[in-house]
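Engineer: sequence and predicted structure below; questions after.
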There are 4 protein chains.
Amino acid sequence: MSEKRDQIVAAALKLFCQKGFQNTSTAAISKEAGVATGTLFLYFKSKEELINALYSETKNAMAAYVQEDLPAAAAALETQLLHCWRRAAEWALEHPFHYRFSAMFSNSPFITKLTRDEAASSFLFMQDIIEKGIKQGNLAGMDKNLFISLFSGQLHATITFVENQQSSSNHKEVLEQTFHFFMKGVAAA
Amino acid sequence: MSEKRDQIVAAALKLFCQKGFQNTSTAAISKEAGVATGTLFLYFKSKEELINALYSETKNAMAAYVQEDLPAAAAALETQLLHCWRRAAEWALEHPFHYRFSAMFSNSPFITKLTRDEAASSFLFMQDIIEKGIKQGNLAGMDKNLFISLFSGQLHATITFVENQQSSSNHKEVLEQTFHFFMKGVAAA
Amino acid sequence: MSEKRDQIVAAALKLFCQKGFQNTSTAAISKEAGVATGTLFLYFKSKEELINALYSETKNAMAAYVQEDLPAAAAALETQLLHCWRRAAEWALEHPFHYRFSAMFSNSPFITKLTRDEAASSFLFMQDIIEKGIKQGNLAGMDKNLFISLFSGQLHATITFVENQQSSSNHKEVLEQTFHFFMKGVAAA
Amino acid sequence: MSEKRDQIVAAALKLFCQKGFQNTSTAAISKEAGVATGTLFLYFKSKEELINALYSETKNAMAAYVQEDLPAAAAALETQLLHCWRRAAEWALEHPFHYRFSAMFSNSPFITKLTRDEAASSFLFMQDIIEKGIKQGNLAGMDKNLFISLFSGQLHATITFVENQQSSSNHKEVLEQTFHFFMKGVAAA
DNA sequence: CATGAATGAGCATTCATTCAT
DNA sequence: CATGAATGAATGCTCATTCAT
């Protein structure tokens, strides 16, 4: 919306990742953003609102990116999940601060239930995909939420590993490899 | 060591889990522990030292529990890993505050690199197991650290899922199931 | 002068009475007045100037109303004072916000000495009336300023009492009654 | 209670009288009191609580002083009221900061209704005296609250006048004089 | 004249830490 | 060892005021 708002968001994201939420004062954010201390509160009612807005926007942006060009519902479950896996990783690697921020704060008490629910709702399409997969018998009998947990967990472990690697030459291969490990594991017997 | 120290540790653990680290004042910890505000600083030089001590002790306790009765090095890789998986889950479910605390803070900037390294060192025995497995060709070609990441990720996702379930009847089955998914996935082709 | 100025004055008066001076931000005044935040400072150099202008205008308006139709100097002291008493009460009851505002702020440090003196000067005609009365021996020996203090004090107490009454049926009687109490008290023995 | 508390109370009283409530920062109070900024909040939860505590204590102290040696209920109404008039004036002149503070803030929005009611309750004994006087027919027919309003108003006007006088030689006489003016006025015809 | 986004000094309040008892 | 009153630096937030449009 506003250029100043963007500067504040970028500065907050950077500092939160580097020093944590509580070790980052609103004054530090304003300074890093190159605006006055009062300006932050022009765009965000409070520090907490800033955090929650950051979280919402991050989750929504990622969900939107993942959903883009999603293979039609008619496609095979594995095709759809592979798309999600790849796109999520791509987004995370291209937005490292955003990704680290949401990883760091997704379990923090600063994210209100409201924000968490809103973020969850933008990933509802994943639930649909999985439900369909379970119904079609392509997945070993498993709770839908457990499946999502395992999927995100392995994806997250892979992204973090890839991010910390020196060379970025074989990122794609690692991602494909771990995806296939995961699918081999959960495939219906 | 001291009874007061134990009370402080228990109070801190409880409050950190319930309200987060920064929302828990040392005064609140002292009150919950039933000691004076100054007493906390008799046992811990600072709040940060308290956190780090808590983290170290937690990780060490868990590592010790997991290592107990570990099948001899001669045993099959899967046997050893299953032992670790089960013991880790058992410990986590029996010490929910400890487990949640270490999960919450393992990625936080409050844990110093020193502490993190010390904690990692108490899990070195896991690395040995895995290295051996890789050498023996029982695992699909994979980086040792990636393997550990995936292993812990899947284990953590399972524990969290199980912890949040209403009924505790089928905990064991879920744990066995996700372990076998994981092993099926990473087994050498 | 300007319509916007009037809106600002009215809004300020209302909010100052309802929430006090310091609890009323210039932004709130502007909003209540339906103008932009900058507009207030077009008409008043500062918030303090607004307060003082409000006070001056209020006092002058009241003084002008009281002086209107004032019985000639030749009239009896009591006749003149009764006129003042009645007119002041009428004005106060018809302009409750103005009256409460000036009551609230007449002793506040926000009213500068300059403004206070200016306000006092618009009530100089009262001093003349009283001086004349003292000279003519109609008043028990008393300091002029003490007399004015007692007069205003009793008038103010009556107005406040009447304003807070539910029914407005007997306002006039109460006003006449307290006036006569006052005059009986201070009459020359 | 505590020496520090006393210092804070005295400093607050002084500064509030001199510069008003909102122009006095808690830091300024602490500095004037010779304590650290945090110490104020050790004794008062907030600035507002400090104000209200000051107001309550002031009103209670004054009420206690006025009630001391109060002529027995059997005494004449005028004897009782004269005692109150004198003692109230004495207290006000001996505690000028306290008196000015309570005068300044009795109508301010910072005094909560709770505090105001508590203060009023410590002056209930005045109501009893007046009710008795009205019943005995010693007062011109008048609402009890109106009487109290007039009484306090005239007393306040006198105290303020006396306080601002240069010489303090004839304080007593002025006080007696205005009291008799007042009583002459309200006496039953 | 009028606007309202932007400013930044100022403030109330918190809380980790100390130290005299 | 243990206490808890006292400290004061640090922080989130407000708001009177300015100025480019």
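Structural biologist: Good, I have the coordinates.
Engineer: where does chain A have its least confident helix or strand?
Structural biologist: When each helix and strand of chain A is scored by mean pLDDT, DSSP states H and E, helix A:113-121 comes last, with a mean of 87.
Engineer: per-domain residue ranges of chain A.
Structural biologist: A:1-44, A:46-186 (automatic domain parsing).
Engineer: kindly reformat those as CSV containing distance to chain C and mean neighbour count.
Structural biologist: For glycine as for every other residue, the C-beta is placed from the backbone atoms N, C-alpha and C. Below are the domains of chain A laid out as CSV (distance: least, CB to the nearest CB, whole Å; neighbours: other CB atoms under 10 Å in any protein chain shown):
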stretch, distance to chain C, mean neighbour count
domain A:1-44, 12, 17
domain A:46-186, 18, 17
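Engineer: mind checking which of those is nearest residue B:46?
Structural biologist: Closest to residue B:46 of the domains of chain A, according to CB to CB: domain A:1-44, at 14.4 Å.
Engineer: hmm, the closest one in reach of DNA strand F?
Structural biologist: Yes - counting by CB under 7 Å from any atom of the strand, contacts between domain A:1-44 and DNA strand F involve A:22, A:23, A:24, A:25, A:26, A:27, A:37, A:38, A:41.
Engineer: so what's the closest residue to chain B within chain A up against?
Structural biologist: For chain A, the residue closest to chain B is residue A:185, as judged by CB to the nearest CB, at 3.2 Å. Residue A:185 makes contacts with B:181, B:182, B:183, B:184, B:185, B:186, as judged by CB atoms under 8 Å, 6 or more residues apart in numbering or on different chains.
Engineer: and the residue in chain A positioned nearest to DNA strand E, what helix or strand is that in?
Structural biologist: Residue of chain A nearest DNA strand E, by CB to the nearest atom of the strand: residue A:38 (1.6 Å). Under the criterion of DSSP states H and E, residue A:38 resides in helix A:37-43.
Engineer: which neighbouring elements make contact with that helix?
Structural biologist: helix A:3-19, helix A:26-33 (3 or more CB pairs under 8 Å, 6 or more residues apart in numbering or on different chains; DSSP states H and E).
Engineer: so residue A:143 sits against residue B:161, correct?
Structural biologist: Yes - using CB atoms under 8 Å, residue A:143 makes contact with residue B:161 at a distance of 7.4 Å.
Engineer: residue A:13 and residue A:61, how far apart?
Structural biologist: Remark: distance between residue A:13 and residue A:61 (CB to CB, to the nearest Å) = 12 Å.
Engineer: who touches both of the two?
Structural biologist: In contact with both residue A:13 and residue A:61: residue A:98, using CB under 8 Å, 6+ apart.
Engineer: coming back round to it: give me the pLDDT value at the residue of chain A closest to chain B.
Structural biologist: In this model, residue A:185 is scored at 90, pLDDT.
Engineer: out of everything not next to it in sequence, what's closest to it?
Structural biologist: residue B:185 (3.2 Å; CB to CB, 6 or more residues apart in numbering or on different chains).
Engineer: just residue A:65 next, same as before
Structural biologist: Distance criterion CB to CB, 6+ apart; nearest residue to residue A:65, sequence neighbours excluded, is residue A:91 at 4.6 Å.
Engineer: which element is the one you found on?
Structural biologist: helix A:77-94.
Engineer: next SSE after that helix?
Structural biologist: Next along from helix A:77-94, by DSSP H and E: helix A:96-105.
Engineer: from the contacts of residue A:185, which is closest to DNA strand F?
Structural biologist: Closest to DNA strand F, out of all of the contacts of residue A:185 and judged by CB to the nearest atom of the strand, is residue B:182, at 41.0 Å.
Engineer: confidence score at the closest residue to residue A:22 other than its chain neighbours?
Structural biologist: Spatial nearest neighbour of residue A:22, excluding adjacent residues (CB to CB, 6+ apart): residue B:22 at 3.8 Å. Per-residue pLDDT puts residue B:22 at 85.
Engineer: isn't residue B:22 up against residue A:47?
Structural biologist: No - contact criterion CB under 8 Å: residue B:22 and residue A:47 do not qualify, at 11.7 Å.
Engineer: thought residue A:104 was touching residue A:16?
Structural biologist: Yes - using CB under 8 Å, residue A:104 is in contact with residue A:16, at 7.4 Å.
Engineer: now the nearest residue to residue A:110 once chain neighbours are set aside: how far from residue C:99?
Structural biologist: Leaving aside its sequence neighbours, residue A:110 sits nearest to residue A:51 (CB to CB, 6+ apart; 5.2 Å). Separation of residue A:51 from residue C:99 (CB to CB) stands at 48 Å.
Engineer: now swap in residue A:98 and tell me
Structural biologist: Distance of residue A:98 to residue C:99, given as CB to CB: 59 Å.
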